[in-house]
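Enquirer: using only what follows, build the 3D model:
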Amino acid sequence: MSESLTITTTEMHTGGEPLRIVETGLPEVKGETLLEKRRFIREHMDHIRKLLIFEPRGHFDMYGVILVQSEKPEADVGTIFIHNEGYSTMCGHAIIALGRYVIDHKMVKNVTSPETRVCFHCPCGLVEAYVEYNNGKTGNVRFHSVPAFLYLKDYDVEVPGFGKITVDISYGGAFYALVSAEKVGLDIRKSLIQDVIEAADAISGALKKVVKLEHPESKDLAFLYGTILTDGKDELLEEESRNICVFADREVDRSPCGSGVTARVAQQFFRGQIKMNQRRTFSGPTGSVFRGQAVKEVTYGGREAVVVEVSGKGHYSGTATYTLEPDDAIEE
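Expert: Below is the predicted model:
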């Protein structure tokens, strides 16, 4: 690094899952479209992702977002999500936090009470968020993501160390394998988190070797993002259902995972376990909750799909200025 670098951020979290919002200090992000800008950052600015995500300025499970201008006129802002492995297609916990952030930072022109609509352009597509807004204060956020669908049902896969496991794969802006923790001998509320990580990572690795995913619109979106281990309470509608999402490079989501909840609602709907507009409560490893429900049936690339609403609240946790001196050899 021949020149010094200074980057400012606002720090937020949703249910304990961090969100580092990059504000100033980035070089110009080039590209006509959001996906071109995402590709430019990956190819020319990936050192900045590593700088902000990893130690000594971040940690292995850090998550962040770079806000850019979208080419879509209906979008208020474009989002490029960053994490320990690279760049994700969708992030629900980030949208919940950003709903408050973009209004509080006057990035939305039409602010209305008691709720303001914000349209985010994510790599997976357009996501509509609805932000509580009363007396100048923002509150809870609900969002409608891209159409969600159950991709594979009752798929048997041989997982090293665990034997044959039956899984579902569902799409909620990203593809997830969904598995009851009991199938790998774990209790989602009591087992050590390291054991959960090992099991989820083994399942993801096994599936990636044998399942070729196809996305209705883009090859860039056709990859398994992670595995979600659940408590198996898919049909106990009156009870909160807990899950732990392990995504990217063995990263653990502290929240219930917004895109993961979207995928779980789609799975349960197409299994006939929940009905349209039937709300469920999902919790993550911190005990924080999101609420989700299917609100509309649609067709997506020839597939039966649903629009899912997920709700929660993000909180501010601070602001920061990160620097890199020219002679600092430890950049991540």
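
Enquirer: so which elements touch whichever helix or strand residue 308 is part of?
Expert: Applying DSSP states H and E as the criterion places residue 308 in strand 303-312. Applying 3 or more C-beta pairs under 8 Å, 6 or more residues apart in numbering; DSSP states H and E, one finds that strand 303-312 makes contact with helix 92-104, strand 137-144, strand 149-159, helix 258-270, strand 289-300. No exception for glycine: its C-beta is placed from N, CA and C like everyone else's.

Enquirer: convert the biggest helix by length in the chain to PDB, retaining C-alpha atoms only.
Expert: In the chain, taking DSSP state H as the definition, the longest helix is helix 193-210. The C-alpha trace of helix 193-210 is given here as PDB (Å, rounded to 0.1, in the frame of the first residue of the first chain):
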ATOM      1  CA  ILE A 193     -21.900 -23.500  18.400                       C
ATOM      2  CA  GLN A 194     -18.700 -25.100  17.000                       C
ATOM      3  CA  ASP A 195     -20.600 -28.400  16.600                       C
ATOM      4  CA  VAL A 196     -23.300 -26.500  14.700                       C
ATOM      5  CA  ILE A 197     -20.800 -24.900  12.400                       C
ATOM      6  CA  GLU A 198     -19.100 -28.200  11.700                       C
ATOM      7  CA  ALA A 199     -22.300 -29.900  10.800                       C
ATOM      8  CA  ALA A 200     -23.700 -27.100   8.700                       C
ATOM      9  CA  ASP A 201     -20.400 -26.700   6.800                       C
ATOM     10  CA  ALA A 202     -20.200 -30.400   6.100                       C
ATOM     11  CA  ILE A 203     -23.700 -30.400   4.700                       C
ATOM     12  CA  SER A 204     -23.000 -27.300   2.500                       C
ATOM     13  CA  GLY A 205     -19.800 -28.900   1.300                       C
ATOM     14  CA  ALA A 206     -21.500 -32.200   0.400                       C
ATOM     15  CA  LEU A 207     -24.300 -30.500  -1.500                       C
ATOM     16  CA  LYS A 208     -22.000 -28.300  -3.500                       C
ATOM     17  CA  LYS A 209     -20.300 -31.400  -4.900                       C
ATOM     18  CA  VAL A 210     -23.500 -33.100  -6.100                       C
END
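
Enquirer: residue nearest the middle of this protein, spatially speaking?
Expert: Of all residues in the chain, the one closest to the mean position by C-alpha atoms, centre = their mean is residue 91, 2.4 Å from it.

Enquirer: which residues does stretch 35-43 contact?
Expert: Applying C-beta atoms under 8 Å, 6 or more residues apart in numbering, the external contacts of stretch 35-43 come out as 29-31, 48-49, 66, 68, 78, 80, 86-87, 123, 220.

Enquirer: coming back round to it: pull out the buried residues from the longest helix of the chain.
Expert: 196, 197, 198, 199, 200, 201, 202, 203, 204, 206, 207 (16 or more other C-beta atoms under 10 Å).

Enquirer: now do that helix: everything it contacts.
Expert: Applying C-beta under 8 Å, 6+ apart, the set of residues contacting helix 193-210 from outside is 157-162, 165, 167, 169, 177, 179, 181, 184, 186, 188, 224, 226-229, 244, 246, 250, 252, 285.

Enquirer: and the gap between the residue nearest to the centre of the chain and residue 17?
Expert: For residue 91, the distance to residue 17 (C-beta to C-beta, to the nearest Å) stands at 9 Å.

Enquirer: what's the overlap in contacts for the two?
Expert: Counting by C-beta under 8 Å, 6+ apart, the common neighbours of residue 91 and residue 17 are residue 63.

Enquirer: so how do I select the buried members of the contacts of stretch 35-43 in PyMOL?
Expert: To isolate the buried members of these in PyMOL, using 16+ other C-beta under 10 Å:
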select buried, resi 29+48+49+66+68+78+80+87+123
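
Enquirer: sorry, back to before: show the subsequent helix or strand relative to the strand holding residue 308.
Expert: Beyond strand 303-312 on the C-terminal side, the first helix or strand identified by DSSP H and E is strand 314-324.

Enquirer: how close does residue 182 sit to residue 199?
Expert: When residue 182 is compared with residue 199 (using C-beta to C-beta), they lie 11 Å apart.

Enquirer: with residue 156 instead?
Expert: Counting by C-beta to C-beta, the gap from residue 156 to residue 199 is 16 Å.

Enquirer: now residue 10
Expert: 35 Å.

Enquirer: and what of residue 218?
Expert: From residue 218 over to residue 199 the distance is 30 Å, taken as C-beta to C-beta.

Enquirer: low-confidence ranges in the stretch 201-332 of the chain?
Expert: Residue ranges of the stretch 201-332 of the chain with pLDDT under 70: 331-332.
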